[in-house]
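> Generate a structure from the sequence data that follows.
(chains A and B)
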Amino acid sequence: MVARVGVILFPGSNCELDALEAIGHLGGTAELVWHGDRSVEGCDALVVPGGFAHGDYLRPGAIARFSPVMDAVRTFAADGGPVVGICNGFQVLTEAGLLPGALQKNAGLKFLCTTITVRVETTTTALTSLATPGDELRIPINHFEGNYTCDANTLAQLRAEDRVVVRYVDNPNGSVDNIAGVCNEGRNVVGLMPHPERACHRLLGSEDGAVLLRSLLASAGTPVA
Amino acid sequence: MVASPPSSAAVPLHRALGLTDDEAASIEAILGRSPNHLELAMYSVMWSEHCSYKSSKKHLRTLPTEAAHVMVGPGEGAGVIDVGDGIAAAFRIESHNHPSAIEPYEGAATGVGGILRDVFSVGARPIALMDPLRFGPLDDPRSRWIAEGVIAGVSGYGNSVGVPTVGGETVFDPTYQDNPLVNVFCLGLLPKERLVLARASGPGNLTVLFGSSTGRDGIGGASVLASAGFGDDAADADKRPSVQVGDPFEEKRLIEACLEILEAGLVVGIQDLGAAGITGAASETASKGGVGMDLHLSEVHVREAGMEPFEIMTSESQERMLAIVEPAKLHELLAICEAWEIRASVIGTVTGTGRFRILDRPGGTVLGDLPASSLDDDAPLYDRPRQEPAGRAGRMADRAEPGAPADVAADLLGLLADPSWVFRQYDHQLFLNTVEGPGGDATVLRLKHPTTGVDTGRGLALTCDGNHRWCALDPRRGTALVVAEAVMNLACVGARPLGLVNCLNFGNPEHPEVMWQLVESIGGMGDACRALSIPVVGGNVSLYNESRGRDIDPTPVVGLVGILDRLDRPPPGVQLRAGADLIALGPEPRALAGSRWAWERGYQAGPAPALDLDAHAAVAALVREVVMAGWLAGVHDTADGLGVALAEMAVRSGEGFRVAVPDSDYAWLFAESASRVVACVAPGHGDDVVRAAAAAGVLARPLGSAGGSDLVVEGLFEVSVVTATTAWRAALPSTLGH
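Take a look at the predicted model:
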């Protein structure tokens, strides 16, 4: 059976087609889910893609969390379904309370589109099950608000529970503890700032993102070759 | 307070609106009576230089525009070419120079927004932006403020609207001190059969305005800003309200709604609202379709109450589109707009009268009534006087080159600047197409079908080029050189050119010397495009780039689109590989006139660099051949000089080199050429490259070899890769971004 990945489309999202293409390229099946829908029925995994949902007006993710589909996303996540938020999707998931912490403006106060290296810190999550701890992956980042922050107790808890999923090898944006991605307590909801879908094709400079999206497909029930 | 055009008893209204006395007389003759205020305001924007091309049209007609693959040439929203596999590419370039000088962030942002609408209004999904930018020197605080604001504006709007900025240029020179050039290029793809043009037809069809509401921003932008030069600071500050404010989120939804509407075949014709607002879009669709139109101002969704008719008709509020729709399809169109949260209003109807009428409401009072075609077709055309600048022959003969550099390495490093400080602020990877991104010779994108996503296995190549120094010395040859450079940039990634768009940035056309530059430049562009078989499919003319009575150096910028017939590996790139042989391909220039090195040292005379278009075509074909054959490990053009080419290849790959030039003469390093490249030959292919060069009749000069931790030019200088890389990286961040 091939799992179906739902890619949530908000007005202002812009990486949704890239997510579809990369998942398809890796042998998965993906389709768009409109933000106004109240159901994610039939989806085995969800991706909240990058972009500027609702223009990022007020604050990235601040309006998107109120989109009708988000209740269904919450229920899906609470039932253990794999959910990955990439970039703006990570911001949306923190605003929606599905992941701890917040993303503030980059140190240096500039938008940054460049390829960086992240280290895989844990492999017991929906996004990293096929990776090896310590793997260093070259993956593009593309954000203005990617500077992860949280209070000291949350940080201690994230560390104690091994919930920092990927860390920057050379911190590009000021994130606390070099955090590039985190997961929830159930380890089925993961948010990260780098764009794995941009690193899945040999002509695009790196294929290091493929192991992450393959992990997502595996966690959704797709047999992975 | 109700805004109204500047006017006083002493100045007749038409002059205050930028119309000459003769133009006002023509309007009276067309109407057979005196125009009222609203009509005069509409003529003033439509007959402005910016909208009518009245000073340049006669000369632009001399450019070659035809080829078998050209689907739409100049004169429409965007040029469109057939790129195979059922895919068409639509592209265009525009300037937003004056708004960016006044309000850098919004000026640049709305420049991006405007060019996007030109492309998606023909049914194409925009997939690539490029931004050729020119600013005053970095040691001038105001120029830094403008540069930072413009770059932030391109970043803020382009990233948010979701179209990657995949290339461009950033040039700093005193000629742009008070008048920066902000040019924006956009390319989109569409299924060939979906092409839609700006045509109204079918009396009884409806005129639908959709997108953002119409406000008081940008009133008279075309005539007040774009068609006049700058004076003193206080007066310029007063022009700030003429700069529009952009909303990329509105534009993003507008793109998606428009493409859905066009995919469903719901419109007869469609056009974006740019300069001249509703007046331009409505009258042009009517005029091109040979019909008339009635517009009802009460139906326009406006941003504030109490707007005057002339304000509604000439507002340049952003993110608006105008469509001609059959009544039976209106419901479906409105449903798509509602899903994307786009406001839409039926503001008029197509008529068979040929008249363009403005009514206060349906069936109400007629506020303006004129022949639809008169705003467009009857605009004045000028053959303005032109004159070769006095003393030019003497300056051309001036061979007083600067003396030898005290420190060749220092001079060379001073010419290096890593542009990544700029392009890292732009999303340049969205849509998973970017195989070679900004910073190389040309951008390479995977070519995928715009609706099915099927990868064609081929690639698109894009480049933007301009050079004010070459064009200041000799606008004709300089412009031909710019076209040639663009062709060579494409060749370096293995692409052959398919179509060119131009953005002609010049000074005040009422100065005969500027008019002479413009005509010479267009002539040179035509010469080069004919010789290299490139159709010109669109363009933009930006005149009145002057400040305090000083015109900018003539700066034609070209955007060139090409195709890679096979894209199965990345192009060689601007880099070196240790142990590889370095060979220069192409004729050898030694003249320093027009080079950046000489120019910055005060030598701004002599002839522009040499150019033989037939020889150039041979070099470009050779470079394409050896790149596509996979015989090169790196390649770079020498339009910035051989020294800069080698140094950039070194710092981008972290490899040094050891080369020799004849007589250890520094001039070989700084002389610039559009027709020569440095090839870093892949191991085992040296003979292949030399043989191919001989067969093509192209000079192949062994330079030395790549590798090592130093940049070495025998007898001239030796500098470490680390030192060079540090200088290259620091050039922009050391002055910008603080």
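
> mind listing what residue 190 touches?
Because you didn't say which chain, this covers chain A. A:83, A:84, A:85, A:125, A:126, A:127, A:128, A:165, A:181, A:182, A:183, A:184 (Cβ atoms under 8 Å, 6 or more residues apart in numbering or on different chains). Where you see a C-beta, it was placed from the backbone N, CA and C, and this is true even at glycine.

> right idea, wrong chain: chain B
B:80, B:87, B:88, B:90, B:122, B:123, B:124, B:125, B:450.

> swap in residue B:566?
B:457, B:458, B:628.

> Now intersect these with the strands, please.
B:457, B:458 (DSSP state E).

> For chain A, state which of the contacts of residue B:566 is nearest.
residue B:457 (10.4 Å; Cβ to the nearest Cβ).

> who's in contact with the closest one?
Applying Cβ under 8 Å, 6+ apart, the residues contacting residue B:457 are B:566, B:567, B:568.

> ok so the second one is a strand residue?
Just to be clear, that refers to residue B:567. No - with DSSP: H, G, I helix; E, B strand; the rest coil as the criterion, residue B:567 is located in coil rather than a strand.

> give me the low-pLDDT residue ranges for the stretch 151-300 of chain B?
Applying pLDDT under 70 to the stretch 151-300 of chain B picks out residues B:218, B:220-242.

> 90 - rerun?
Residues of the stretch 151-300 of chain B meeting the criterion pLDDT under 90: B:193-201, B:216-246, B:274-276, B:288.

> so where do the strands sit in it?
Counting by DSSP state E, counting those that start in this stretch, the stretch 151-300 of chain B has strands at residues B:165-172, B:181-191, B:206-211, B:269-272, B:292-296.

> Adjacent strands (with direction) for the longest one?
Which is strand B:181-191. According to DSSP bridges, strand B:181-191 forms sheet pairs with strand B:87-95 (antiparallel), strand B:125-135 (antiparallel).

> Report the distance from the longest one to the chain centre.
In terms of Cα atoms, centre = their mean, to the nearest Å, the centre of strand B:125-135 is found 7 Å from the chain centre.

> just the shortest one next, same as before
Strand B:87-95 has its average C-alpha position 10 Å from the chain's average C-alpha position, going by Cα atoms, centre = their mean.

> Mind giving me the packing neighbours of the helix or strand just after that strand?
Note on strand B:87-95: by DSSP states H and E, the next helix or strand toward the C-terminus is helix B:97-102. Counting contacts by 3 or more Cβ pairs under 8 Å, 6 or more residues apart in numbering or on different chains; DSSP states H and E, helix B:97-102 is packed against helix B:104-120, helix B:141-161, strand B:181-191, helix B:233-238.

> Flag every buried residue along helix B:97-102.
B:97, B:98, B:99, B:100, B:101, B:102 (16 or more other Cβ atoms under 10 Å in any protein chain shown).

> Can you classify residue B:331 by secondary structure?
helix.

> ditto for residue B:364
Residue B:364 ends up coil, using three-state DSSP.

> That one and residue B:295 touch, don't they?
No - contact criterion Cβ atoms under 8 Å: residue B:364 and residue B:295 do not qualify, at 11.3 Å.

> higher neighbour count, the two?
More crowded of residue B:364 and residue B:295, by other Cβ atoms under 10 Å in any protein chain shown: residue B:295, with 26 against 11.

> beta partners for the more buried one?
residue B:348, residue B:358.

> and it, what does it touch?
B:207, B:278, B:282, B:347, B:348, B:356, B:357, B:358, B:359.

> try it again with 6 Å
Applying Cβ atoms under 6 Å, 6 or more residues apart in numbering or on different chains, we find residue B:295 in contact with B:282, B:347, B:348, B:358.

> For residue A:142, which three-state class applies?
Applying three-state DSSP: residue A:142 is strand.

> which non-adjacent residue is nearest it?
Excluding the flanking residues, the one nearest residue A:142 by Cβ to Cβ, 6 or more residues apart in numbering or on different chains is residue A:113, at 4.5 Å.

> who's in contact with the strand or helix carrying the one you found?
Per DSSP H and E: residue A:113 is located in strand A:112-120. Here strand A:112-120 makes contact (Cβ under 6 Å, 6+ apart) with A:106, A:128, A:131, A:133, A:135-138, A:140-142, A:166-169, A:172, A:180, A:194, B:424, B:427-428.

> Pull out the buried members of those.
Buried among these (16+ other Cβ under 10 Å): A:106, A:128, A:131, A:135, A:137-138, A:140-142, A:166-168, A:172, A:180, A:194, B:424, B:427-428.

> Which ones among the contacts of residue A:190 lie within strands?
A:83, A:84, A:85, A:165, A:181, A:182, A:183.

> Adding distance to residue B:178, pLDDT and neighbour count, write the residues you listed out as CSV.
Converted to CSV, these look like this (distance: Cβ to Cβ, whole Å; pLDDT from 0 to 100; neighbours: other Cβ atoms under 10 Å in any protein chain shown):
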residue, distance to residue B:178, pLDDT, neighbour count
A:83, 53, 98, 31
A:84, 50, 98, 30
A:85, 46, 98, 28
A:165, 51, 98, 27
A:181, 47, 98, 31
A:182, 50, 98, 27
A:183, 54, 98, 28
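
> Need these in TSV (columns: distance to chain B).
Shown next, in TSV, are these (distance: Cβ to the nearest Cβ, whole Å):
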residue	distance to chain B
A:83	22
A:84	17
A:85	17
A:165	22
A:181	19
A:182	24
A:183	25
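
> quick check, nearest of the residues you listed to residue B:690?
residue A:181 (51.2 Å; Cβ to Cβ).

> so the closest one bridges to which residues?
Going by DSSP bridges, residue A:181 forms beta bridges with residue A:166, residue A:192.

> quick one: contacts for it?
A:165, A:166, A:192.

> Give me the below-cutoff pLDDT ranges for chain A.
Using pLDDT under 90, the flagged stretches of chain A are A:1-3, A:221-225.

> who in chain A is up against chain B?
Proximity of chain A to chain B is confined to A:11-12, A:14, A:18, A:21, A:52, A:55, A:110-114, A:140, A:142, A:198, A:203 under the rule Cβ under 6 Å from any Cβ of the partner chain.

> the helices in the stretch 451-600 of chain B, which residues?
Residue ranges of the helices in the stretch 451-600 of chain B, as given by DSSP state H, counting those that start in this stretch, are B:468-473, B:475-492, B:512-531, B:596-600.

> how about the residues of chain B near chain A?
Residues of chain B lying close to chain A by Cβ under 6 Å from any Cβ are B:155, B:160, B:162, B:249, B:252-253, B:424-425, B:427-429, B:432, B:435.

> ok, now which ones touch residue B:166?
B:128, B:428, B:434, B:443.

> ugh, wrong one, residue B:477
Contacts of residue B:477 by Cβ under 6 Å, 6+ apart are B:524, B:608, B:611.

> Between the residues you listed, which sits nearest chain A?
residue B:611 (34.3 Å).

> for the closest one, what are its contacts?
B:477, B:480, B:481.

> Skip the chain neighbours and tell me the closest residue to the first one.
Spatially, and ignoring its direct neighbours in sequence, residue B:477 is nearest to residue B:608 (4.6 Å; Cβ to Cβ, 6+ apart).

> pretty sure the one you found is touching residue B:474, no?
Yes - here residue B:608 lies in contact with residue B:474, judged by Cβ atoms under 6 Å, at a distance of 3.9 Å.
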